[in-house]
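S.K.: Mind folding the following:
(chains A and B)
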Number of protein chains: 2
Amino acid sequence: MQVAAWRCVAPTHLDRFFAPRSLAIVGASDEAYWSRNAYANLPAIGFSGRVVPVNPKRARVFGLDCIPTLRQLDSPVDLAYIAAPPGAISAVLEDAGAAGVRNAVIIAAGFSESGDAGRQLQRSLVDQARRHGITVLGPNCPGFLNVTDSVAAYGQQIPLGIPRGGVGVVLQSGALTTVMLKFSIAHAIGLSKVICLGNEAMIQAADVLEYLIADPATRVIAMFLEQIREGGRFLALADRALLCGKAIVVLKAGRTPAGQKAALAHTGAVAGDEAVVDAALRQAGIVRVRSLEELLITAGLLAQGYSLGGGRMAVVSASGGACDIIADRASDEGLALPAFSVETRAELQAYLPKFATVQNPLDTAAIDTVRETGTAAVPMDVVAEMVSRDPGFDFVLYMGFNVVPQIEPEPGERDRNIARMELVRDMRCRAPLPVVPIGLTCLEAGPFAKRIYADNGIWMLPGIEFGLTALGHAVHWNAARQDAEPRARAVHSRPKPFAGAGKQGTWSEAEGRRLLESAGVPLVPATLATSAKEAVAAAERFGYPVVLKVCAAEIAHKSDIGGVKLNLGSAAEVGEAYAAVRAAGLKAARNGIEGVLVVPMRPPGVELLAGVTVDSTFGPTLAVGLGGIWVETLRDVSLAVLPVSPPIIERMLESLRAKPILEGARGGPRIDLARAADAIWRCSQAALSLGDDLQALEVNPLWCRNDRVEALDALVITGR
Amino acid sequence: MQVAAWRCVAPTHLDRFFAPRSLAIVGASDEAYWSRNAYANLPAIGFSGRVVPVNPKRARVFGLDCIPTLRQLDSPVDLAYIAAPPGAISAVLEDAGAAGVRNAVIIAAGFSESGDAGRQLQRSLVDQARRHGITVLGPNCPGFLNVTDSVAAYGQQIPLGIPRGGVGVVLQSGALTTVMLKFSIAHAIGLSKVICLGNEAMIQAADVLEYLIADPATRVIAMFLEQIREGGRFLALADRALLCGKAIVVLKAGRTPAGQKAALAHTGAVAGDEAVVDAALRQAGIVRVRSLEELLITAGLLAQGYSLGGGRMAVVSASGGACDIIADRASDEGLALPAFSVETRAELQAYLPKFATVQNPLDTAAIDTVRETGTAAVPMDVVAEMVSRDPGFDFVLYMGFNVVPQIEPEPGERDRNIARMELVRDMRCRAPLPVVPIGLTCLEAGPFAKRIYADNGIWMLPGIEFGLTALGHAVHWNAARQDAEPRARAVHSRPKPFAGAGKQGTWSEAEGRRLLESAGVPLVPATLATSAKEAVAAAERFGYPVVLKVCAAEIAHKSDIGGVKLNLGSAAEVGEAYAAVRAAGLKAARNGIEGVLVVPMRPPGVELLAGVTVDSTFGPTLAVGLGGIWVETLRDVSLAVLPVSPPIIERMLESLRAKPILEGARGGPRIDLARAADAIWRCSQAALSLGDDLQALEVNPLWCRNDRVEALDALVITGR
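M.R.: Just a heads-up that it's a prediction; the model follows:
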C-alpha cells in the first residue's frame, strides 16, 4: 500500500513552489552527482536568483561560501533542494522549519518505494513536513524544471537549448526525464514546466495537474503516469482543462490486462481496470498515447493551437509516395481526404500544367517537369493557398520541405531557401485554413533547417507516421472539446439514495426489481407466486407462454441449478414447472426461497447487457453491450465512468461492433436506441442510488424489440 | 493501363547492370541538376572507375574531356546514365546501341506516367532498347546506388557517410530515396543496394527482387511499393527468399479500401484487393509495415541476423517507466514476458540488493541505490548475462545506454564509457541468447555514442515504439521461416481440369454439386425431382424433415424468389412445397428449370463459408469464415492465395475471431476443424480444377456439427 496523503496542495501554493527566486542546495558538494548537476543546471536554464550551498563539512562549494545548515540562512530561501542522504533528511527538515523555508525537493530514495520500513519513514517525513508547514516534492525525485521562469531544482544534467513554450510535462518516472528533454530539443517542442513526481508523498499528480491547468504559460499538459490516484478528482480536473481549452495528453503505462478483476458478474469480466482507465480518459477528453514520441509530438502539435474544426484534410506534397502513405495513415486515424471542390479543381487545373492529376492528396512532384533545374516548377505555397480557400476542408497538410538542406548551404542556396520559407510563412498568414507543415520521417532537421523554420514560425510535425497519429488526436480532441458534456453538469443529477439500501450480499430478483422500479427502469411484468395456483393465475393473466424463475437472494445463477423454466404454454405446464423450480430452489438455498416469479415469455429480440461495477480508481462504471456471445467471446462492450447522460449512452451503443444488429441486421428486429439508452441510464441511476453500498448491478438481458424495451432479469450485489 | 513488359530481366544480367565499372553520363553539364549530382555522387560513394561525360554542346564538363555522343567512346562503358531530355532519348539509345553500351538508366519523365502519348513513347523506347539489346532502368527514374561496390548512377545529391551493410532497398517512388538514405545514416542501418524503379519499362520490381535474393551482400530486402505486378512470380520469389533466409519487408501503399471488388458472391465483398495483398504477403512470409521508419528499422534489425527461436523476451532496463512501456508494447506485438526461472531468480537475488524487485522486465534503476555517484551500482552487463542463461527465454532486450553522452565527453568519462561499452560487447559474445540493444526513443545517437556503439558491434534499436514493432516482426518472420509450408510444394498438387469446365455464367446447384463431388467435397445427399411424386419419394427415403430448392442456372439467389422451402415434415407438405417452388422457379427463369432439389433438413450446426474468387494480381484466393452475421457484419474472414494445404486452412479457421464458436461456445455444437479444413481444401481444389474459367465458387453454408461436415449449397460462376 502506498502512503495515502489525499490532502491536496493548492495550485496557488504550487505557483510559488515551482518558481522559486532563491534556492538552497542542501548536501552541496563539488563532487556529488545530484548537487553538482543541480548547481550546474542553474546557469544552463538562465537562473539569476540567489543560490546558497549548505554542507556542514565544507566552507566553500561551487566557488560560493557554504553554510553548515539551513539555520544559518540570514533570510529564508524560497526552496531547499535537498541532496542529502536518507538518514539526514529528518534533521534537514527540522533546520528548514526553523529557518522558515517552506518548500523542499527531496531526492533521496529508500522511502515508500522500498518496503515497509521505507513506507514508515515516508509517513514520518510527511508528518514532520506538515508540522513545519513545509511542502515537499518527492522523495525519490530528481526535481523539476521551470522553463518559463528560468529556474530548475533538478539533479540530472540538463541538455542545453531547451526550447521555451506551452507544453507542461509531468512524469511519474524520473528516469525518463532526460530523454523527454532531448526529444523536445530535437523537435523544437517548447516546454513550460517539467515536473518529476517521485513518491508523491505530498505533492501529487492531480495537484500538479491542477497547477498546470491554472498556469498561464502552459497550453498543453503531457503526462507519463504509471498509476492514477484520486480518479474522481483527476476526471474533474480534466473537465476543467477541457472547458478552458487546455489539452491533456497521457501516456499511461500498464495498458495490458495483467490482472482482470474478479468477475462478480459478466460486467466484472469485461470492465477490466485498464479498459476502465481507457474509457474514463476518453470520456474526459484526455488524449491517450502509447509512446514517448507520440506523447511529446501530440503535445507539440496541440500547443500550436491550430483551430481544427474537423478532420477533413487537404494534402499538398512534393512526393507521390508520401501521398499514398498519408492516405493510408489518414484512414487509420479517422481523417478524411475529401475531393477538391469544383471551383478549387478548376483553379488548380488552370494554374497547373495540363497533364497534372488534380486530386487530394495532391502530388506536386508529378507536376514538376522542369527536373533539370532541380526546383519545383510550381510554387507549392501558391498551390497550398488555393487549396486553403476550399470550404470543403478543415486544414491543409503541407509537405514541401524535403529540399531544405540540413547543413548551412552556400550563400546563393541559403538565400533561395530563406526566400522560399518566407513565402510559406506569408502564405500561412493569408490562408483561411490552418496549414500544418509536416516532414517525411521523424528525422531531426539539421541546424540550418531548424533555424529557418523557427525564424518563420514553422513547427514541423516529425514525419508521416507520428504526425498523422498526432493530427488524429488533435482533431478528436477538438471534437471532444466542442461537444463535451461536462461531467460537472451530469453530477447534479445524482439520484436520491434508495430506501432499501444497506443490504449486504446478493439480492433476490424480486428485490432487484424493486430497486429498478424505483428508478423507473421498464420491467417485464412479474408476479411472485408462492403456490402453483397463484402461478397459474398469473400466467393466465399475462397470457401464455410464460417463464418461471425461482426467487431467492442466495441464488444468483438460477439457470445453473434448474431454477428457470422457459416457454410454458399451458396451466398444466406451469403447474409442473412451479413444482420443479421450487424444489430446485429449496435444494439450493439454505435460507429458503421468496417464491417463484412468473413472467410473460417475450418473443426473440435484441438482448442487451447493462452492468455497473465499481472501479477502484474511478468508482461506479457502466458497461453496455449485446448479451451472449458478444460479451463473452468478442468482449464487445462500451464502458463509461458514471454518471453519464442518456445521449452518451446512445453513443456508447452506437460504438459497439455489434451495431448492425441493433439496426436490425439480417431481417431481425431493430431497437429504439433512445429508449434503450434511457432504460440503461435508469439502470445506472438505480446503481448510483445505492451509494457506497453498490458492488454490482446487472440487467441481462435488457430485451429490446423495435420500440419496446424491458429488463428481463436483475442482479444486484451490495456490501462494503 | 501500364505498358506490359513481362519479359523478365535475369538476375545474372542485373549483377552486371548494378555494378558497372565504367559510366557515361549523357547530357552532362556542370549546371544541370541531375548530371551534376550524378557526377558528384561518384567520389562520395567511393567510385574509382572510368567516367565519361557526353554532351554535343560542350568540350569539357566536370573538368573532364567531353565527347559529343556515345558513338565517340573508344570502348563501350558498362552503363549509360542518360540525363538527356525526353525528346533526345531515342537518338541517345541509337548511339548507345551503335557504341555497344548495353545498360542504361533513363531519368526523363513524360512516359507512361503521363497519358496516352507518353505510354506510346514508352512502348517505342522499350522496342528500341530491345532491338539494340539494351537493358533500361526507368524511365522517370533517378537511378540506383550500389553501396557494396561503391558505385552510383543516381541523380539526386546523396548524403555523406552512407553505411555499408546488408539491407537492399527497392523503391517505386524516387522522391522517397533521399529520406531513406538519411534515415539509414542516422540510425546506422547498413545498406547494400538502393534501387529506384521509375516506370519499370523493362527492369521490374520482381526482377530486382530476384537479383537481390541472389546478391550475396544483401541479407534483407526493404521495398516501398505502390503496386504489385506479377503476383504469382512475386510470391514465388518470396518463397525462395524465405527458404534461403532473406527477409523481405514491404511498405505497400494503398492499404485502405478505396474500392472493393464488385461482389459476385459474398466472398467478393470480403476479399477486397488490399485484404488479399495482406493475406498473400503474410502467407509468403513477407513482413508488411506501415511507415518508412518501420520499414528501415525492421530491415535493420533483421539484417543483424539474430537467431530468434521465439518471442519469449527478458528485459533488463535502467528505467522503471521504460519497463512499463515495454510491457505494454510487447503485448501489442505478441511478445511474451515470462517470469525468470527459479534458478535465475535465485541468482539475481543473491547478486542484487535485498530490496530489489526481481521480476521481468527487470528495472535495474530501482536497484541503483548509490545515487550519489551517478553510476549504476549493479553492472547491467552482469545482470543481462545472468538472464541470458535462463532457458525460458529466446532473447534479452537490453536498455542500458541512457548514460552514454551524446557529445565527446571529457577524457575520464570517455574512457569510462568506452570501458563500459567493451563490457557490453564481451557480455554479448558470451551470452547464450541474443542480447538486443535498444534505446528509449527514436532520437539519433550523438557522434560519440555512435562511434563507441559501432566500435563494439552494437546496433541500437531506435526506441521502444519502433523497436518493439520491429522485434515483433522479426520474431514472426523467424516463425514463418521455421514452419513455412513452401508454396512450391503445394503447387504440385494442382488438380486435374474438371471435365465439365468451359461453361459460362452461373451454374445451377445440381451442376455445382457435380463439380464439388468430383473433388470429393462431402455433400448433403440430394435428389433432383421433376415431379411431386419423385420429391415425396426422395423425402421418404431421406426421412423428414426435408428442404426443397428450385434448381436452375439462372437463379443464383433461390430464397429471394421464394424458391426454397425449409423444414417440410410430411408428404403433404412436400407435395405442396414442390408446386410452390416449381412455380416460383418457372416464373423467374426464362429458360426453364432443371427440377427441384430435395435434401434432408440438417439440425442446427456451425455454418461456415468457403469461397474462392480470382484476384487480379494473385489469382484464385480462398476466403473462409463463419456464415451469416460474421461475414456480413464483422467481416470475420481469413484469406489465402491458392493453393494452400488443409493444415493451413485449419490455421485460417483458428485465426477467426469467431473461433470460440467453432469450439462450441455457449453449449452449441463444436466442429471438427481437421474435417472442415479438408472439405474446404477440396472446395479450393474444385475451384482450381476450373482453370482460367473460374470466376467464383462459394459453398455457403458448409454445415458442421461435431464430426459431420457437409456442403449444403453451392454457387459456381465461370466465364472469361
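S.K.: neighbouring contacts of stretch A:356-363?
M.R.: A:314-320, A:323, A:326-327, A:337-340, A:345, A:348-349, A:352, A:366-367, A:383, A:387, A:397 (CB atoms under 8 Å, 6 or more residues apart in numbering or on different chains). Backbone N, C-alpha and C define where each C-beta goes, glycine included.
S.K.: List the buried residues in stretch A:471-483.
M.R.: Neighbour counts over stretch A:471-483 (16 or more other CB atoms under 10 Å in any protein chain shown) mark A:471-481 as buried.
S.K.: of all the residues in the stretch 1-150 of chain A, which ones are close to chain B?
M.R.: Within the stretch 1-150 of chain A, the positions near chain B by CB under 8 Å from any CB of the partner chain are A:32-34, A:85, A:107-110, A:113-115.
S.K.: Need those residues in CSV (columns: secondary structure).
M.R.: Below are the residues of the stretch 1-150 of chain A next to chain B laid out as CSV (DSSP: H, G, I helix; E, B strand; the rest coil):
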residue, secondary structure
A:32, coil
A:33, helix
A:34, helix
A:85, coil
A:107, coil
A:108, coil
A:109, coil
A:110, coil
A:113, coil
A:114, coil
A:115, helix
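S.K.: Report the buried members of the residues you listed.
M.R.: A:32-34, A:107-110, A:113-114.
S.K.: Give me the subset of the buried residues of stretch A:471-483 lying in strands.
M.R.: Among these, none falls in strands (DSSP state E).
S.K.: I'd like the residues you listed as CSV, with distance to chain B appended.
M.R.: Formatted as CSV, these follow (distance: CB to the nearest CB, whole Å):
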residue, distance to chain B
A:471, 14
A:472, 14
A:473, 15
A:474, 19
A:475, 17
A:476, 18
A:477, 20
A:478, 23
A:479, 21
A:480, 23
A:481, 27
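S.K.: Let's have those residues in a markdown table, adding pLDDT.
M.R.: As requested, the buried residues of stretch A:471-483 are exported to a markdown table (pLDDT from 0 to 100):
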| residue | pLDDT |
| --- | --- |
| A:471 | 98 |
| A:472 | 98 |
| A:473 | 98 |
| A:474 | 98 |
| A:475 | 97 |
| A:476 | 95 |
| A:477 | 95 |
| A:478 | 94 |
| A:479 | 91 |
| A:480 | 90 |
| A:481 | 89 |
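S.K.: can I get these in a markdown table with distance to residue A:60?
M.R.: Output for the buried residues of stretch A:471-483, formatted as a markdown table (distance: CB to CB, whole Å):
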| residue | distance to residue A:60 |
| --- | --- |
| A:471 | 54 |
| A:472 | 56 |
| A:473 | 51 |
| A:474 | 52 |
| A:475 | 57 |
| A:476 | 56 |
| A:477 | 52 |
| A:478 | 55 |
| A:479 | 59 |
| A:480 | 56 |
| A:481 | 54 |
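S.K.: Could you single out the nearest of those residues to residue A:230?
M.R.: Using CB to CB, residue A:480 is the member of these that lies nearest residue A:230, at 21.7 Å.
S.K.: ok, now which ones touch the closest one?
M.R.: Going by CB under 8 Å, 6+ apart, the list of residues near residue A:480 reads A:242, A:285.
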